[in-house]
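> take a look and give me a structure for this.
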Amino acid sequence: MSKFSNTREDDEPDEPKRRGSWIIGFFLKLSILSAGLALCAALLFSMALALAWPNVPELTAMTDYRPRVPLRIFTADKVMIGEFGEERRNVLRFNEIPDVMKSAVLSAEDDRFYQHGGVDWVGVVRAGLTNLISMQKTQGASTITMQVARNFYLSSEKTYSRKFYELLLTFKIEANLSKDQILELYLNQIYLGNRAYGFAAASRTYLGKSLSEITPADAALLAGIPKAPSRFNPIANKPRAVLRQRYVLGRMHSLGYLTDAEYKKALDQPVIIKSAEGTPAGGFSVHGEYVSELARQLMISVYPDNVYSRGLNVYTTIQSKDQQWAYQSLREGVLDYTRRAPYPGPEAQLTMPAGVENDAAKLDEFLDGVFDKYPDRTEMLIGVVLSVRPDEVRVARSSTDIVSIKDKKALGVIARALNPKAPNDLRLQRGSVVYLHKNGDYWEILNLPTVQSAFVSMIPQDGSIRSMVGGFDFYHGNFNRVTQAWRQPGSAFKPFIYAAALERGLTPATVISDQPFELTAEQTGSKAWAPKNYGGQYDDKLTMREAIARSKNMVSIRILQSIGPKYAQDYIARFGFDKARHPAYLPMALGSGAVTPMQLAAGFSVFANGGYRITPFLIDRVTDANGQVIMQARPTVVGDSAARAIDARTAYVMDDLLRGVATSGTAARSRQVLKRGDLAGKTGTTNDSVDAWFAGYTPQLVGVAWMGYDQPKSLGSRETGGGASLPVWLGYMQNALKAFPEQKRAPPPEGLVVEGGNMYFSEFPPGQAIMKLGTGEKNDSLGDFLNNIETNRPNPALAN
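Residues are numbered from 1 along each chain as shown. Next up, the predicted model:
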């Protein structure tokens with residue numbers, strides 16, 4: 001064998017060794033390269049972490065959790081009547097949340113919550129692969145901790161940078177908070193649709209019950225919402241919500257949270273959607289819309305920053321029962337007036353397809369279009385007339401809800417519209433769009449009221465408002481007529497003129513002429529003025545007591561001329577009236593100025609409480625989200641000498657005169673109905689019956705009712721304060737006064753002389769007091785009434 005040959009034979013056994021060395025070298029280099037890449041990646045990650053970590057938020061917002069709780073308005077007896085804010089929450093502690101709710105959420109959102117460290121890596125890989133394959137960032141693997149991080153600090157945009165920050169924050173949360181703390185935060189702050197944040201709020205919004213009352217089926221329904229609040233909430237999409245509920249129940253069953261029997265029972269439970277009172281969908285148990293709106297405005301003026309999110313609770317002076325009585329009485333008063341007024345005809349006249357009522361689907365489709373254009377208005381329900389006969393009108397609300405109007409009183413209200421010869425815009429016929437109202441046990445057709453009303457009641461000892469209704473329907477216009485409507489008070493203003501006269505020497509027995517007179521344009525300097533008594537009836541002469549009971553205009557004018565309009569203008573300011581709104585001219589005696597119902601109630605409170613001016617107030621106290629009182633009312637109360645407005649004797653005598661009005665005068669009906677001896681008050685009707693008033697009180701409660709049109713026009717020639725507004729006052733007082741038993745009247749104050757059935761101030765004793773005005777008899781203190789008129793001309797703007 002040659003040397004070459006020998007050499008080749010010697011080399012052949014070393015070939016595998018060389019190949020093995022090459023492979024080892026390759027993997028060694030690959031390992032070094034991989035290690036280098038890993039080191040670079042680690043360095044890059046460390047740099048990214050170093051740059052990003054300082055931007056990860058602190059956890060103070062979680063450890064010191066202050067949710068955006070809305071502004072809430074309550075009555076004095078803690079009934080919620082208003083809520084303002086973008087978010088509605090009911091925050092509960094972990095041990096207050098039912099276990100069934102926790103297990104439902106874990107089943108739906110994160111069943112390994114108590115096992116992982118905040119990130120479910122299997123889910124992260126799965127989501128990453130899905131995004132890589134689709135080349136879109138469409139899916140996530142958010143755990144409950146991740147969702148808490150996102151909802152507290154981060155946006156919901158699907159980007160990798162946001163996801164990176166979310167991961168960092170998730171680790172930080174898991175390192176600093178316990179699992180129970182994290183789950184508590186989630187259960188309280190997750191958004192669940194319809195402005196409900198947290199499961200306690202969602203339970204009230206969708207189920208009408210507190211979270212402590214829910215069943216497994218309820219819990220599963222709620223737990224299914226977080227995945228897509230807009231699509232899976234049961235109000236927006238009940239079928240989808242039920243489908244999602246079934247999925248969650250299945251998960252609860254498979255994870256062992258529900259037994260077979262419990263699972264079957266939950267599946268069989270019907271899904272009933274019912275929003276609780278006090279939620280956006282459920283409304284409130286008490287109609288305090290005008291109250292809560294005024295309270296909201298007051299709170300903005302005091303706490304302008306974040307008033308809707310800092311969890312303030314406003315406790316008003318309103319009593320929930322009083323508020324509801326006032327609301328119901330006012331609405332009934334307006335509806336009664338609407339029944340008395342001529343029926344103006346249907347809201348609209350539509351052409352109905354022939355026989356459409358025989359096809360339920362087509363009828364409902366037709367009615368849906370009507371309801372879109374003509375919505376219901378708080379107890380006034382829209383319907384379409386199907387047929388009309390003299391003894392029956394049939395109205396459709398739906399294919400399964402056909403209302404029959406047969407009651408004779410109800411038919412009487414619309415009698416003019418049942419006449420076949422009535423004009424088309426007045427006549428009721430097939431296709432007429434009408435409003436229905438349930439009046440006790442029968443339905444009636446009424447037009448939507450256009451007249452308005454206002455009512456307010458308060459405690460005269462401190463001015464705390466007990467009830468307030470600013471109009472017929474807050475949702476048809478939130479103008480609060482109690483505080484914002486400046487109207488002529490008419491004869492309801494006369495008591496303040498009488499009070500001024502008492503302090504000038506007149507007495508209840510002063511005899512005053514009731515004869516008419518006329519002032520020429522030359523005498524007034526503007527227009528001729530011929531004031532009249534209501535009804536055009538005149539007496540020769542009357543005492544002050546008789547005149548106020550019968551609301552005689554001529555007597556009031558003579559009294560004002562006697563004391564001087566300028567003096568009277570200054571005097572009424574003691575009651576809180578704005579002097580500028582009551583020009584110092586003779587028409588002021590007839591209430592030609594302007595007041596709000598709130599002002600008038602405060603004015604009559606002075607007579608009720610013995611002569612003290614009180615300031616009406618609505619807010620008793622305000623607490624923060626932790627229940628700490630941050631504002632407390634300190635009202636002026638009766639007995640404070642600084643609040644003395646008029647002489648106690650004047651208040652006593654006026655109270656006596658106004659009790660006479662309620663006993664045998666224009667407000668005698670009040671005593672007949674309430675059967676109390678401590679009632680006092682005054683009716684008021686302005687020229688052409690534009691405004692109708694009744695202001696009445698007992699020593700413990702004052703109430704004022706007003707009725708009129710927002711754009712002033714006559715209520716009707718036969719409408720008066722006693723006929724239109726007194727019933728509203730009575731409807732409220734019949735209930736409210738049960739809490740205030742009749743009290744024995746206090747004795748006359750010092751300095752008031754009672755003699756011969758009359759009352760005199762000690763400085764104007766019998767023989768010195770003014771006992772006659774304008775009668776033309778001897779010692780007539782107003783015999784020169786017309787001669788002196790030049791010094792007190794009527795206001796040209798009011799001299800009509």
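> the strands in the stretch 351-500 of the chain, which residues?
Using DSSP state E, counting those that start in this stretch, the strands of the stretch 351-500 of the chain run over residues 381-389, 392-398, 401-405, 432-439, 442-446, 452-458, 465-469.
> next one: the stretch 51-200 of the chain
71-74, 80-84, 88-89, 196-197.
> residue ranges with poor pLDDT in the stretch 451-600 of the chain?
522-526 (pLDDT under 70).
> I'd like to know which elements the helix or strand containing Glu262 is packed against.
Using DSSP states H and E, Glu262 maps to helix 260-268. Here helix 260-268 touches helix 216-223, helix 238-254, going by 3 or more CB pairs under 8 Å, 6 or more residues apart in numbering; DSSP states H and E. Just so you know, the C-beta spots here come from the backbone N, C-alpha and C atoms, and that holds for glycine as well.
> Throw the ones you listed into TSV and include mean pLDDT and distance to Thr520, thanks.
Output for these, formatted as TSV (pLDDT from 0 to 100; distance: least, CB to CB, whole Å):
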stretch	mean pLDDT	distance to Thr520
helix 216-223	96	80
helix 238-254	93	77
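> buried deepest among those helices, which one?
For the helices and strands packed on helix 260-268, average neighbour numbers computed from mean count of other CB atoms under 10 Å are highest in helix 216-223, which has a mean of 28.
> outside of it, which residues touch it?
Applying CB atoms under 8 Å, 6 or more residues apart in numbering, the external contacts of helix 216-223 come out as 98, 100-101, 103-105, 107-109, 192, 199, 202-203, 206-207, 209, 214, 234, 241-242, 245-246, 248-249, 252, 258, 262, 265-267, 269, 271.
> pull out the buried members of these.
Buried members of the contacts of helix 216-223, scored by 16 or more other CB atoms under 10 Å, are 98, 100-101, 103-105, 107-109, 192, 199, 202-203, 206-207, 214, 234, 241-242, 245-246, 248-249, 252, 258, 262, 266-267.
> just to revisit the earlier point, so which of the strands of the stretch 51-200 of the chain gets nearest Thr685?
Thr685 sits nearest to strand 80-84 of all the strands of the stretch 51-200 of the chain, at 32.9 Å, using CB to CB.
> may I see the buried residues of the closest one?
Met80, Ile81, Gly82, Glu83, Phe84.
> strand partners of it, parallel vs antiparallel please.
With DSSP bridges as the test, strand 80-84 is paired with strand 71-74 (antiparallel).
> please save the CA atoms from the strand it pairs with in PDB.
Extracted C-alpha coordinates of strand 71-74, given in PDB (Å, rounded to 0.1, in the frame of the first residue of the first chain):
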ATOM      1  CA  LEU A  71     -74.500  65.000  43.000                       C
ATOM      2  CA  ARG A  72     -77.600  63.600  44.800                       C
ATOM      3  CA  ILE A  73     -80.600  65.600  46.100                       C
ATOM      4  CA  PHE A  74     -82.700  64.200  49.000                       C
END
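> could you check how far it is from the centre of its chain?
Mean C-alpha position of strand 71-74 versus that of the full chain (CA atoms, centre = their mean, to the nearest Å) differs by 10 Å.
> show me where the stretch 601-750 of the chain has strands.
Taking DSSP E, counting those that start in this stretch, the strands of the stretch 601-750 of the chain run over residues 619-623, 629-632, 680-685, 691-698, 701-708.
> please save the CA atoms from the shortest one in PDB.
In PDB, the C-alpha atoms belonging to strand 629-632 read as follows (Å, rounded to 0.1, in the frame of the first residue of the first chain):
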ATOM      1  CA  VAL A 629     -71.300  67.700  56.900                       C
ATOM      2  CA  ILE A 630     -69.600  70.500  54.900                       C
ATOM      3  CA  MET A 631     -72.500  73.000  54.900                       C
ATOM      4  CA  GLN A 632     -75.300  73.500  57.400                       C
END
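> Asn480 versus the residue nearest to the spatial centre of the chain, what's the distance?
A centroid search over the chain (CA atoms, centre = their mean) returns Glu289, at 1.7 Å, as the residue closest to the centre. Note on Glu289: its distance to Asn480, by CB to CB, to the nearest Å, is 10 Å.
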